[in-house]
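Visitor: quick one, structure for this:
(chains A and B)
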Amino acid sequence: MAIVRLRGQLEKLVGSSELTIEGGTVTELLKALEEEHSGLEGWILDERGVLRRHINVFVNGEPAEPDSAVDDKDKIEILPAISGG
Amino acid sequence: MTELLVGTRKGLFVLEGEPGGAFEITTRAFVGEPVDYAMRDPRTGRLFAAVSSPFWGPRIWFTDGEPDGGDWQPARGVALPKGGTEALKRIWVIVAGEADGVVYAGGDPGVLFESRDNGQTWQLNQALWEHPTRPRWRRDSGGLSVHSIVPWPGEPDRLALAISAAGVWLTDDGGASWSHGNEGIVADYLPEEARTSAIDLCVHHLERAPLRPERLFLQFHGGVYRSDDAGRSWTDIAAGLPHDFGFPVVLDPADPDSAYVIPVTTEDRVTDGRVVVWETRDAGATWTPRDRGLPQENAWLSMLRQSFAATGSGAGLELYFGATSGEIFGSGDAGASWFGVASRLPAIASVRAG
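Guide: Below you'll find the predicted structure:
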């Protein structure tokens, strides 16, 4: 299982800053996260199952894509993207 | 004491004050996030805010406590069907229904949500979502939005909607089925040959006269219209206005012959150097300018469709409108005179008064 770290609004919704979730790719892991914690439904993935545009996912500190592989013990962080201008 | 709920590009502002006097900003909430609409349900006192987070998506929040408190809760079910090809983009309006516990919300892409538990959980109206004409609905520059929801006082199953750009929609069976109410509306942005069968009608705002519910007023994308048959057909009443373009319209609930509009130029969608609210008290036969106290030179303001609000009625009708330049103007005497309520706010998307 991967270790998912949550901050801010997501942490508040789940009531925990760290979870363990199973998933072979980033998208699979995020879907599993929503299924296990229904309060997160729609916050990270939209209704189509697409990662929201201004959300970044990191795997072991490296920026990841929706189809990036996730291995056992990987550390996943879900963060708002930089914005402004 | 009047409460103004002001949705802006950078959060919700709550202002309190007396007409003609100073208004104080008492609360900021959702700081830095776009708040497209906010309203307080007069039946329960519950406060709602439609927030379009650029990160976490569009959502309805509600609280029964103080607006600056920490007990805002995200409502559940404000979403399109999972696994489809579209995602909810924005909530444009939230309206108290007629039946106990019923609240409606409209949004983009042309969707209506209904709650039966005072706004905690919501369901998508399937009949509108699956309407066979939907492929002919057209997005305008603001999206494809259900922005006006007008219940029928005392008749919970009767409802009218306006969609930009898909015209007026009516239901008499609580939303199980919907019919079009567009007869008489002329879309001069379409070729003449296409106008009679057009469904992509860019209604900007819709209001119902509560004391005569079969009467509605509509600000169109070029035209101001009145219906006396519950929205089935429409008569253009824009003659006498300096421009027939505008976004919001409000009514005096005590007078079914009343309406207020803020005309802007067709070319650039701003006031033409002067800010003037126009009032009719004869159902649109004549219009009277109401500009005492409003800026009369070098004023190029833009007011969005949800940014004009009324509370009270008759001679004590209070009117408030906000501009994308962050100013709010108010009147405590049904538009006879105006005063500055606030300035230097972020761009204003909506104003509700109560």
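
Visitor: near chain A, which residues of chain B?
Guide: B:54-57, B:59, B:74, B:79-88 (C-beta under 8 Å from any C-beta of the partner chain). Bear in mind the C-beta positions are built from the backbone N, C-alpha and C, glycine included.

Visitor: same thing but 10 Å
Guide: With C-beta under 10 Å from any C-beta of the partner chain as the criterion, chain B comes near chain A at residues B:32, B:53-59, B:70, B:74, B:76-89.

Visitor: buried residues of stretch B:192-200, list them for me.
Guide: Across stretch B:192-200, burial judged by 16 or more other C-beta atoms under 10 Å in any protein chain shown covers B:198-200.

Visitor: returning to what we had before: just the buried members of the residues of chain B next to chain A?
Guide: Listed as buried from these are B:53, B:55-59, B:74, B:76, B:78-80, B:86-89; burial here means 16+ other C-beta under 10 Å.

Visitor: continuing past the lowest-mean-pLDDT helix or strand in chain B, what's the next helix or strand?
Guide: In chain B, no helix or strand scores lower on mean pLDDT, DSSP states H and E than helix B:192-195, which sits at a mean of 80. For helix B:192-195, the following helix or strand on the C-terminal side (DSSP states H and E) is strand B:203-208.

Visitor: hmm, which helix or strand of chain A has the shakiest average pLDDT?
Guide: Counting by mean pLDDT, DSSP H and E, chain A has helix A:8-14 as its least confident element, at a mean of 93.

Visitor: who are the packing partners of it?
Guide: Here helix A:8-14 touches strand A:2-5, helix A:26-36, strand A:75-80, going by 3 or more C-beta pairs under 10 Å, 6 or more residues apart in numbering or on different chains; DSSP states H and E.

Visitor: residue B:101 is nearest to which of the ones you listed?
Guide: Ranking the helices and strands packed on helix A:8-14 by proximity to residue B:101 (C-beta to C-beta) places helix A:26-36 first, at 27.9 Å.

Visitor: can you mark which positions in the closest one are buried?
Guide: Neighbour counts over helix A:26-36 (16+ other C-beta under 10 Å) mark A:26-34 as buried.

Visitor: can you flag which of the residues of chain B next to chain A belong to strands?
Guide: By the criterion of DSSP state E, membership of the residues of chain B next to chain A in strands covers B:53, B:57-59, B:74.

Visitor: strand B:203-208 and the strand or helix carrying residue B:160, what's the angle between them?
Guide: Using DSSP H and E, residue B:160 sits within strand B:155-164. On the basis of axes from the mean of the first three to the mean of the last three C-alpha atoms, to 10 degrees, strand B:155-164 is oriented at 160 degrees to strand B:203-208.

Visitor: on that earlier part again, contacting residues around the least confident helix or strand of chain A?
Guide: Residues external to helix A:8-14 that are found in contact with it (C-beta atoms under 10 Å, 6 or more residues apart in numbering or on different chains): A:4-6, A:16-19, A:33, A:36-41, A:43-44, A:55, A:78-80, B:53, B:55-56, B:70, B:74.

Visitor: find the nearest non-adjacent residue to residue A:16, please.
Guide: residue A:6 (7.0 Å; C-beta to C-beta, 6 or more residues apart in numbering or on different chains).

Visitor: and that neighbour, what does it touch?
Guide: A:12-19, A:33, A:37, A:40, A:44, A:76-79 are the contacts of residue A:6 under C-beta under 10 Å, 6+ apart.

Visitor: write the PyMOL selection for whichever of these are buried.
Guide: Selection of buried members from the contacts of residue A:6 for PyMOL, criterion 16+ other C-beta under 10 Å:
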select buried, chain A and resi 13+14+19+33+37+40+44+76+77+78+79
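
Visitor: just give me the closest of the contacts of residue A:6 to residue B:190.
Guide: Taking C-beta to C-beta as the measure, residue A:44 is the one of the contacts of residue A:6 closest to residue B:190, at 41.0 Å.

Visitor: ok, that closest one touching residue A:53?
Guide: No: Residue A:44 is beyond contact range of residue A:53, at 11.5 Å (criterion: C-beta atoms under 10 Å).

Visitor: what's the overlap in contacts for these two?
Guide: With contacts defined as C-beta under 10 Å, 6+ apart, the residues adjacent to both residue A:44 and residue A:53 are B:55, B:57.

Visitor: just to revisit the earlier point, what's the strand holding residue B:160 packed up against?
Guide: strand B:90-96, strand B:103-108, strand B:111-115, strand B:145-152, strand B:167-171, strand B:203-208, strand B:216-220.

Visitor: give me that answer again for 6 Å
Guide: Judged by 3 or more C-beta pairs under 6 Å, 6 or more residues apart in numbering or on different chains; DSSP states H and E, strand B:155-164 is in contact with strand B:145-152, strand B:167-171, strand B:203-208.

Visitor: residues in chain A within reach of chain B, list them.
Guide: Contact residues (C-beta under 6 Å from any C-beta of the partner chain) of chain A with chain B: A:42-43, A:46-48, A:52, A:54, A:80.

Visitor: including distance to residue B:242, secondary structure and pLDDT, could those residues go into CSV?
Guide: Formatted as CSV, the residues of chain A next to chain B follow (distance: C-beta to C-beta, whole Å; DSSP: H, G, I helix; E, B strand; the rest coil; pLDDT from 0 to 100):
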residue, distance to residue B:242, secondary structure, pLDDT
A:42, 45, coil, 95
A:43, 47, coil, 96
A:46, 43, coil, 96
A:47, 44, coil, 96
A:48, 45, coil, 96
A:52, 44, coil, 95
A:54, 42, coil, 93
A:80, 45, strand, 91
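
Visitor: out of those, the closest to residue B:289 would be?
Guide: Taking the residues of chain A next to chain B together and measuring to residue B:289 by C-beta to C-beta, the closest member is residue A:54, at 44.4 Å.
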